[in-house]
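>>> Mind folding the following:
(one chain, ligands or ions: 1)
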Amino acid sequence: MQKFEKPIYVTQPVLPSLNEFTKLLEDIWQSKHLTNGGKYHELLEKTLADYLGVKYVSLFSNGTLALIIALQTLRITGEVITTPFSFVATTHALWWNGIKPVFADIDINTLNINPLKVEAAITPKTTAIMPVHVFGNPCEIDVLQKIADTYRLKIIYDAAHAFGVKRLNKSILNFGDLSVLSFHATKVFNTIEGGAIICHDEQTKINIDYLKNFGYSGEFTVVGPGINAKMNELQAAYGLLQLKSIECDIEKRKQISATYRNLLNDVNGILALNDWENIQHNYAYFPILIEQNQFGRTRDEVYDFLRTKNVYARKYFYPLISEFSTYQGLDSATAANLPIATKVAKQVLCLPIYPNLEVADVEKICDFIKSFRG
Ligand code: T4K
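Numbering: from 1, shown residues only. Prediction:
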């Protein structure tokens, strides 16, 4: 089988129509209102709140700053329990706030933080939990909330992957104290770079908006040491256009996901996560776990082999965040404390998935994988 002529990456952004974007750019050029909460910024916040089914959206220049500000908003200090199986920005946001990250292991079925391990990691210094809806699959939100209520902890969800995900028709962004989205180019919904904090009451929204704008509450008043994390008008306008195709984009992702599942279902040693009951997924990623004993090849061998075929699958999330030198010294960062995450990080491979990926290409990727069985 011939390798792909052009590289197939793990993802590819959906871009809005250039013609339509040009019209909005002309409008922005006319108004000369480029940033600091212009009309497209306001409109995108409202449109997203409606689309997502949440009360308040505060737009940000990226998801990482949104995470940092979410922690500032709730004045989180001390220790925060989080997952090592995520993109490094999750824990970096804690570090930037002078908070000690405490890693808890993940659940083998969901790849999300295991609530039992969260409860076991609570100390008198714990103030909050920062779980991640990894690959867009919801955490055990009810169990986590019960733990948070019992121990009076806040929950900030890193929902970077969870745009549009619903449980029983309700957005999972409505759970916890705050949820943070990323609108990076690699995400289901993108504004090139961007992000948002979702909150549930007006005062919190006002505080978040102060913090992302240097702490200004009026022309001459600064209420706190804020930062500059605003989204500009060009990106907001781009986001509004991108929303037009989002339903169709997620539907295409669903088809790709179903094709992978059908074709890889019977391959011994390749495990894909199934759709979950009562969950409306967004199919942001297509992770598989490769069991070497059954498949006859390691995850790294499959990764390298696919690259020879011009397929750039990604090892999200390897290494674990706890394995990076910044965090290695923490008591909770050991493989002994994180056996499931350690195993999963060695087995996981995210296969290409994006709306414009042809089903024939998905079939060919599956054929490559099958042909490589040991
Ligand atoms: N929390 C979680 C759980 C996250 O996953 C992330 C970000 C964050 C927080 C932080 O949110 P942001 O501050 O980023 O808003 C990517 C993204 O840069 C990062 O946003 C994302 N998570 C992470 C999982 O993936 P890389 O280094 O793997 O991206 P990169 O540049 O290698 O892109 C992957 C592939 O996508 C490329 O091979 C080709 C394609 N691509 C990429 C870009 C940027 C395109 O086709 N066009 C593009 O413009 O980190």
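
>>> rest of the way, CA atoms for contacts and neighbours
Will do.

>>> Just the buried residues of the lengthiest helix in the chain, please?
Identified as the longest helix of the chain according to DSSP state H is helix 246-264. Residues 246, 249, 250, 252, 253, 254, 256, 257, 259, 260, 261, 264 are the ones in helix 246-264 that count as buried (16 or more other Cα atoms under 10 Å).

>>> domain assignment for this protein?
What automatic domain parsing lists as the domains of the chain is 18-244, 246-371.

>>> for those domains, which one ends up most surrounded?
Across the domains of the chain, averaging neighbours per residue (mean count of other Cα atoms under 10 Å) puts domain 18-244 on top, at a mean of 20.

>>> now that one: how far from the chain's centre is it?
Remark: domain 18-244 is offset 10 Å from the chain centroid, using Cα atoms, centre = their mean, to the nearest Å.

>>> Same check on stretch 3-20?
20 Å.

>>> Spit out the contact partners of the residue in the stretch 151-300 of the chain positioned nearest to the ligand.
Going by Cα to the nearest ligand atom, the ligand is nearest to residue 182 of the stretch 151-300 of the chain, at 4.1 Å. Neighbouring residues of residue 182 by Cα atoms under 8 Å, 6 or more residues apart in numbering: 62, 63, 64, 159, 160, 161, 190, 193, 194, 195, 196.

>>> Those residues: which two are farthest apart?
The span of those, defined through Cα to Cα, is set by 159 and 193 at 15.5 Å.

>>> got the residue ranges for the helices in the protein?
Using DSSP H, the helices of the chain run over residues 18-31, 39-52, 63-73, 89-96, 115-120, 141-151, 202-211, 233-243, 246-264, 292-295, 299-308, 325-328, 339-347, 359-371.

>>> As a markdown table, those with mean pLDDT would be great.
A markdown table is the format used below for these (pLDDT from 0 to 100):
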| stretch | mean pLDDT |
| --- | --- |
| helix 18-31 | 98 |
| helix 39-52 | 98 |
| helix 63-73 | 98 |
| helix 89-96 | 98 |
| helix 115-120 | 98 |
| helix 141-151 | 98 |
| helix 202-211 | 98 |
| helix 233-243 | 98 |
| helix 246-264 | 98 |
| helix 292-295 | 97 |
| helix 299-308 | 98 |
| helix 325-328 | 96 |
| helix 339-347 | 98 |
| helix 359-371 | 98 |
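
>>> I'd like those helices written out as a markdown table, with distance to residue 286 added.
Formatted as a markdown table, these follow (distance: least, Cα to Cα, whole Å):
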| stretch | distance to residue 286 |
| --- | --- |
| helix 18-31 | 29 |
| helix 39-52 | 22 |
| helix 63-73 | 21 |
| helix 89-96 | 20 |
| helix 115-120 | 24 |
| helix 141-151 | 22 |
| helix 202-211 | 33 |
| helix 233-243 | 22 |
| helix 246-264 | 7 |
| helix 292-295 | 18 |
| helix 299-308 | 14 |
| helix 325-328 | 28 |
| helix 339-347 | 14 |
| helix 359-371 | 11 |
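
>>> between the ones you listed, which gets nearest to residue 106?
Going by Cα to Cα, the one of the helices of the chain nearest residue 106 is helix 339-347, 5.7 Å.

>>> Next, the angle helix 299-308 makes with that closest one.
30 degrees (axes from the mean of the first three to the mean of the last three Cα atoms, to 10 degrees).

>>> quick one: is helix 339-347 near the ligand?
No: figure legend: helix 339-347 not in contact with the ligand (Cα under 6 Å from any ligand atom); closest approach 13.9 Å.

>>> elements contacting that helix?
strand 286-290 (3 or more Cα pairs under 8 Å, 6 or more residues apart in numbering; DSSP states H and E).

>>> how many degrees apart are the strand it packs on and helix 246-264 in direction?
20 degrees.

>>> In this structure, which residue sits furthest out from the middle?
residue 220 (36.6 Å; Cα atoms, centre = their mean).

>>> And the pLDDT for it?
For residue 220, the pLDDT comes out at 96.

>>> Quick one: residues in contact with the longest helix of the chain.
188-189, 270, 272, 282-284, 286, 353-357, 359, 362-363, 366.

>>> Kindly recompute the last result at 6 Å.
Applying Cα atoms under 6 Å, 6 or more residues apart in numbering, the external contacts of helix 246-264 come out as 282, 283, 354, 355.

>>> Could you give the number of residues near the residue nearest to the third one when sequence neighbours are not counted?
In this structure, residue 354 finds its nearest non-sequential neighbour in residue 11, 5.4 Å apart by Cα to Cα, 6 or more residues apart in numbering. Here the count is done by other Cα atoms under 10 Å, and residue 11 has 23 residues near it.

>>> Quick check: of the contacts of helix 246-264, which lies closest to residue 174?
residue 282 (16.3 Å).

>>> In contact with the closest one, which residues?
Residue 282 neighbours (Cα under 6 Å, 6+ apart): 165, 250.

>>> and the gap between it and residue 137?
9 Å (Cα to Cα, to the nearest Å).

>>> Including pLDDT and distance to the ligand, could the contacts of helix 246-264 go into JSON lines?
Formatted as JSON lines, the contacts of helix 246-264 follow (pLDDT from 0 to 100; distance: Cα to the nearest ligand atom, whole Å):
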{"residue": "282", "pLDDT": "98", "distance to the ligand": "14"}
{"residue": "283", "pLDDT": "98", "distance to the ligand": "14"}
{"residue": "354", "pLDDT": "98", "distance to the ligand": "10"}
{"residue": "355", "pLDDT": "98", "distance to the ligand": "12"}
